[in-house]
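A.B. asks: Any chance you can model this:
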Amino acid sequence: MNSEKRVTVAAVAIALGLASSFGMGATDALKLEKQRPHDIVDVSKAVPQMQFDMRYFSSHNFVGRRIHGYEQDACLLTEPAAAALKKVEEKLLPMGLTLKAYDCYRPQSAVDDFVHWAADAHAEKMKAEFYPSVPKDRLFEEGYIAAHSGHSRGSTLDITIVPLDSIIPRVTEKTTLANCAAPQSARIPDNSLDFGTAFDCFGLVSHPSYQDIPPQAKANRLLLQSLMTDAGFVPLDTEWWHFTLKNEPYPDTYFDFPVTHFSP
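C.D. replies: This is a model prediction of the structure:
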């Protein structure tokens, strides 16, 4: 598909996304709320031994810059989601392991930012790392970019497991990009256990059920999924790192308050 057609496809998706944001068409039942609800907590306080590598506050993400709506490197979740997450953490600590979050609550403004980025066929700064095998014009069709995200409901997060007391490697814009699906030793450094891919790696290899990865990576995926599902989270069948609280308190509300640290 040529660049003009790719822009046209993405523009249609943006139009649909803007329509849905204003409650039009099939999304009439959805609510867009700009105020932070009373039961949102800062997970760094609720689960203090967790680590936080908030990728959309940084430039190390598939866009290559900080995303709109991320004003600080905070991980925010509803109280029930944070409480469930703490149960997972309590099982990992005796193993010398802990959780690390890549993303938690995501404002609708950030989702809109992703949609607008996807409309620019030439904005492929991070392709070599995050989507080397997926044409950008297929990101909508294959479900990697959408007009709404479960993250905006406050009970979804992207997460991994890391050794306790390990250090999050520093990544800058000068770091050489590396294929997210390469063997762990060939990827950009991350203190995560090996899950077969890096975070936000677009492609079949990131599906939890994908088999052509090292045995230890399969075991790590099984460990994470088992712990999270036992705590009441539902996995996503296309991303090993993505989980949503089954009984989330705001199943039909998409929030748009900024990501910041705050005091209770």
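A.B. asks: residues touching T229, list them.
C.D. replies: P235 (Cβ atoms under 8 Å, 6 or more residues apart in numbering). Where you see a C-beta, it was placed from the backbone N, CA and C, and this is true even at glycine.
A.B. asks: Helix or strand for it, just tell me which one.
C.D. replies: helix 215-230 (DSSP states H and E).
A.B. asks: Just the helices from the protein, written as ranges.
C.D. replies: Assigned by DSSP state H, the helices in the chain fall at 3-21, 43-46, 79-92, 108-118, 127-130, 215-230.
A.B. asks: So which elements touch the fourth one?
C.D. replies: What that stands for is helix 108-118. helix 3-21 (3 or more Cβ pairs under 8 Å, 6 or more residues apart in numbering; DSSP states H and E).
A.B. asks: Do me a favour and average the pLDDT over the helix it packs on.
C.D. replies: The average pLDDT for helix 3-21 rounds to 36.
A.B. asks: could you point out where the stretch 51-200 of the chain is predicted with low confidence?
C.D. replies: Within the stretch 51-200 of the chain, no range satisfies pLDDT under 70.
A.B. asks: Enumerate every residue touching the nearest residue to A128 once chain neighbours are set aside.
C.D. replies: The shortest distance from A128 to any non-neighbouring residue, by Cβ to Cβ, 6 or more residues apart in numbering, is to L177 (4.4 Å). L177 is in contact with 126, 128-129, 188, counting by Cβ under 8 Å, 6+ apart.
A.B. asks: Mind checking which of those residues are buried?
C.D. replies: 126, 129, 188 (16 or more other Cβ atoms under 10 Å).
A.B. asks: How about the last one, nearest residue that isn't a chain neighbour?
C.D. replies: Right, the one you point to is I188. Counting by Cβ to Cβ, 6+ apart, the residue nearest I188 is A178, at 5.2 Å.
A.B. asks: Now the one you found. Its backbone dihedrals?
C.D. replies: phi -140, psi 150 (degrees, to the nearest 10).
A.B. asks: Please renumber the chain so that the first residue is 165 from this point on.
C.D. replies: Sure thing, new numbering starts at 165, so read that last one as A342.
A.B. asks: what's the neighbour count on it?
C.D. replies: The number of residues packed near A342 is 15, by other Cβ atoms under 10 Å.
A.B. asks: again with E243
C.D. replies: 16.
A.B. asks: which residues touch it?
C.D. replies: By Cβ under 8 Å, 6+ apart, the neighbours of E243 are 203-205, 210.
A.B. asks: For stretch 283-303, C-alpha coordinates in PDB please.
C.D. replies: Provided in PDB are the C-alpha atoms of stretch 283-303 (Å, rounded to 0.1, in the frame of the first residue of the first chain):
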ATOM      1  CA  ALA A 283      -1.900   8.600  10.900                       C
ATOM      2  CA  ASP A 284       1.600   9.900   9.900                       C
ATOM      3  CA  ALA A 285       2.900   7.300   7.500                       C
ATOM      4  CA  HIS A 286       6.400   8.800   7.800                       C
ATOM      5  CA  ALA A 287       6.700   8.700  11.600                       C
ATOM      6  CA  GLU A 288       8.600   5.500  11.900                       C
ATOM      7  CA  LYS A 289      11.400   6.500  14.100                       C
ATOM      8  CA  MET A 290      11.100   3.500  16.400                       C
ATOM      9  CA  LYS A 291      10.100   0.900  13.800                       C
ATOM     10  CA  ALA A 292      13.300  -1.000  14.000                       C
ATOM     11  CA  GLU A 293      12.700  -1.800  17.600                       C
ATOM     12  CA  PHE A 294       9.000  -2.100  18.200                       C
ATOM     13  CA  TYR A 295       7.400  -3.200  15.000                       C
ATOM     14  CA  PRO A 296      10.100  -4.400  12.600                       C
ATOM     15  CA  SER A 297       7.800  -7.000  11.000                       C
ATOM     16  CA  VAL A 298       4.400  -5.100  11.000                       C
ATOM     17  CA  PRO A 299       3.700  -2.500   8.300                       C
ATOM     18  CA  LYS A 300       2.600   0.700  10.000                       C
ATOM     19  CA  ASP A 301      -0.600   0.900   7.900                       C
ATOM     20  CA  ARG A 302      -1.700  -2.400   9.500                       C
ATOM     21  CA  LEU A 303      -1.400  -1.200  13.100                       C
END
